[in-house]
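[1] this is the structure alone, sequence omitted:
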């Protein structure tokens, strides 16, 4: 199992997303967090299972199942470093 390291940027994006969902529908942020934590557990166990986001094969991503977000991470030695969480419905640069 890899050590999961969450960057400040990824944490900030996650908090913003949770706040948005809670404003839209009470309890929706809990459902988002449940799915989000499942993704975190999966990438901590098998990060190489997921696809590369860039051709240089440095960054990986995994899509959340029911929500339009991807978790972008890199693998460094025995750590999975979560860099950001991106909305797949918006044009964003990471």
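    Ah, there it is. Computed from a predicted model, the values in this text were never measured in an experiment.

[2] residue 51 is in contact with residue 61, isn't it?
    Yes. Between residue 51 and residue 61 there is a contact under C-beta atoms under 8 Å: 6.5 Å. For the C-beta atoms, the positions are set from N, CA and C on the backbone; glycine is no exception.

[3] which of these two has more neighbours?
    Per other C-beta atoms under 10 Å, whichever of residue 51 and residue 61 has more neighbours is residue 61, with 21 against 9.

[4] wait, a helix at that one?
    No. Counting by DSSP: H, G, I helix; E, B strand; the rest coil, residue 61 is located in no helix; its state is strand.

[5] now for it: which residues touch it?
    50, 51, 52, 53, 70, 71, 72, 73 (C-beta atoms under 8 Å, 6 or more residues apart in numbering).

[6] how near is it to residue 24?
    24 Å (C-beta to C-beta, to the nearest Å).

[7] which of the contacts of residue 61 sits closest to residue 29?
    residue 71 (16.4 Å; C-beta to C-beta).

[8] kindly state the beta-bridge partners for that closest one.
    residue 62, residue 85 (DSSP bridges).

[9] contacts for the helix or strand of the chain with the lowest mean pLDDT?
    Every helix and strand of the chain was ranked by mean pLDDT, DSSP states H and E. The lowest is strand 51-52, at a mean of 82. Applying C-beta under 8 Å, 6+ apart, the contact partners of strand 51-52 are 58, 59, 60, 61.

[10] all set, thanks.
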